[in-house]
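In: starting from these lines, generate the structure:
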Amino acid sequence: MNQEKKNTLLNKHIILGVCGGISAYKIPELIRLLRNKGAIVRIVMTKSAKKFITKLTLQTISGNTILNTLFDISTKNTINHIELAKWADIIILAPATANTIAKLRAGIANNLLTTICLASKATIAIVPTMNNQMYYAKATQDNLKKLKQREFIILGPDIGKQACGDIGMGCMISPLKIINFLNNHFYIKKDFKNIKIMITSGPTYENLDPIRFIGNYSSGKMGFAIADSASKRGAKVTLITGPVNLKTPKNVTRINVVNCLDMYKKVHKTISEQNIFISSAAISDYRPEKISKHKIKKEKNKKTIFLIKNPDIISSVSNLKQNRPYVVGFAAETQNIKKNAYQKLQEKKLDLICANKISIYNKIFNNNFNSLFLLDSNGCTKLPRSNKIELSQKLLDEIIYRYEKNRFKNSW
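Out: You can find the predicted model right below:
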């Protein structure tokens, strides 16, 4: 494992955004470490950064031309910020000043660095450095909080002696800490290699007439995050999803469905081939007894619609007599979270259930963040609130541990 981690930065495209702070003197060492790891580094400097360190120094160490102009008429393509935004595997702002942090929070793109950040889909890591009073200022703390919610990564700061003579929070973390972060960021475990996983995701829509349906607010983000993470960790993933507007993760087989009966059929078509089944879809429990061929007209103040129960997909899988996979369910509860989830775990004969609280005031559906309680026969584990990408990785850590333990137990 350690040997794999040593090569995680090889040929990675890294944009290093240098802002105007005294900690810019640490940047040559950071560039040297990145290049020693095999990374390809492009430096973008703000106007203020040039007051603290020269372009020549950074250009010599990085081996690349330093970029600091939004529109460079010396090149054929003057829209270089779009090219750079697409080129980057990750963008690191170090040192990141309070001014640049405020611009990012507000979406201001008035220089090359902030424009690249606004135009890029790459992960953006901010390494703050400033006086401790500036760091603790309500505006700065609010800006950092908002950027975290947008899935920016905040690295540091550290406590130490500052250029003004104060001692406190606001010092830039060391280049080695940044390298360790990058190693972990790009390192992907392959602990799901040769494991087949089927995941259901998103809502289901039960038609009332040609234009209306019964549905829910599920965005499918959690299921897609799990599918993406599992695929990167080596799993062969089949993702069966209701109607969502999400991009299919790389190397994932996607099957689109509309209603519960569609999903039931697609699940059971290949469920006997799967090792793990994760049911994160928000499936409609009921469907209309009859679907009107024509639009239902507004006639009376009240309208009676008869509903019939849909098949319970996860129960049908957990009760398979042959080739039963390891079964993971989800429970979205408004009250008595753990009690209701544990009851569902037992009634449906699941191996593991992931429970979270939803309410009018604490929306989980269509949100980028979540927290989970994991319950099985051995007790309860809590996964604290984090973005769904990070949460999916932690969930898969728990699943693979239990799956391997269960498989070892059954082999005896």
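In: list the buried residues of stretch 90-107.
Out: 90-101, 103-105 (16 or more other CB atoms under 10 Å). Yep, even glycine has a C-beta here, placed from its N, CA and C like the rest.
In: an error on my part: the question was meant for stretch 111-120.
Out: Here stretch 111-120 shows 111-117, 119-120 as buried, counting by 16+ other CB under 10 Å.
In: so which of these are in strands?
Out: Using DSSP state E, no member of these falls within strands.
In: which among these gets closest to residue 252?
Out: residue 120 (23.3 Å; CB to CB).
In: stretch 274-288: end-to-end distance?
Out: The straight-line separation of the ends of stretch 274-288 (CA to CA, to the nearest Å) is 31 Å.
In: nope, stretch 266-282 is what I meant
Out: Stretch 266-282 stretches 16 Å from its first residue to its last (CA to CA).
In: poorly predicted segments of this structure, please.
Out: By pLDDT under 70, the low-scoring segments of the chain are 1-7, 70-79, 359-367, 408-412.
In: give me the domain ranges for it.
Out: When the chain is parsed with automatic domain parsing, its domains come out as 2-186, 196-289+301-411.
In: of those domains, which approaches residue 295 most closely?
Out: Nearest to residue 295, of those and by CB to CB, is domain 196-289+301-411 at 5.3 Å.
In: report the buried residues of the lengthiest helix in the chain.
Out: Counting by DSSP state H, the longest helix found in the chain is helix 388-411. For helix 388-411, burial by neighbour count (16+ other CB under 10 Å) applies to 388-389, 391-396, 398-400, 402-403.
In: of the buried residues of stretch 90-107, which belong to strands?
Out: 90-96.
In: can you give the contact residues for stretch 113-126?
Out: 15, 17, 19, 44-46, 70, 81-82, 84-86, 88-93, 96, 100-101, 103-104, 107-109, 144, 147, 151-155, 178, 181, 185 (CB atoms under 8 Å, 6 or more residues apart in numbering).
In: what subset of the residues you listed is buried?
Out: Neighbour counting with 16+ other CB under 10 Å marks 15, 17, 19, 44-46, 70, 81, 84-85, 88-93, 96, 100-101, 103-104, 109, 144, 147, 152-153, 155, 178, 181, 185 as buried within the contacts of stretch 113-126.
In: burial check on residue 308, number of neighbours?
Out: 9 (other CB atoms under 10 Å).
In: for it, what are its contacts?
Out: Contacts of residue 308 (CB under 8 Å, 6+ apart): 286-289.
In: what does residue 182 give?
Out: 8-9, 12, 14, 34, 37, 39, 90, 92.
In: ok, now with 6 Å
Out: Counting by CB atoms under 6 Å, 6 or more residues apart in numbering, residue 182 makes contact with residue 9.
In: ok, then the element right after the helix or strand where it lies?
Out: For residue 182, the host element (DSSP states H and E) is helix 175-186. Downstream of helix 175-186, the first helix or strand assigned by DSSP H and E is strand 196-201.
In: tell me how far that next one lies from the chain's centre.
Out: Relative to the mean C-alpha coordinate of its chain, strand 196-201 is positioned 17 Å out (CA atoms, centre = their mean, to the nearest Å).
In: now do residue 395 against residue 114, distance only.
Out: Per CB to CB, to the nearest Å, residue 395 is found 34 Å from residue 114.
In: residue 404 too?
Out: From residue 404 to residue 114 the distance is 46 Å (CB to CB).
In: in the stretch 101-250 of the chain, which spans are helices?
Out: Taking DSSP state H, counting those that start in this stretch as the criterion, the stretch 101-250 of the chain contains helices spanning 112-119, 132-136, 138-149, 175-186, 221-232.
In: I figured residue 22 hits residue 161, correct?
Out: No. With contact defined as CB atoms under 6 Å, residue 22 does not reach residue 161; the gap is 11.5 Å.
In: the helix holding residue 182: how far from the chain's middle?
Out: Distance, centroid of helix 175-186 to centroid of chain: 18 Å (CA atoms, centre = their mean).
In: mind exporting that helix as CSV, just the C-alpha atoms?
Out: Provided in CSV are the C-alpha atoms of helix 175-186 (Å, rounded to 0.1, in the frame of the first residue of the first chain):
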residue,chain,number,x,y,z
PRO,A,175,4.7,21.8,2.1
LEU,A,176,5.1,18.2,3.4
LYS,A,177,1.5,18.4,4.8
ILE,A,178,0.3,19.5,1.4
ILE,A,179,2.1,16.6,-0.2
ASN,A,180,0.6,14.1,2.3
PHE,A,181,-2.9,15.5,1.5
LEU,A,182,-2.3,15.1,-2.2
ASN,A,183,-1.0,11.5,-1.8
ASN,A,184,-4.2,10.6,0.1
HIS,A,185,-6.4,12.5,-2.3
PHE,A,186,-5.2,10.7,-5.3
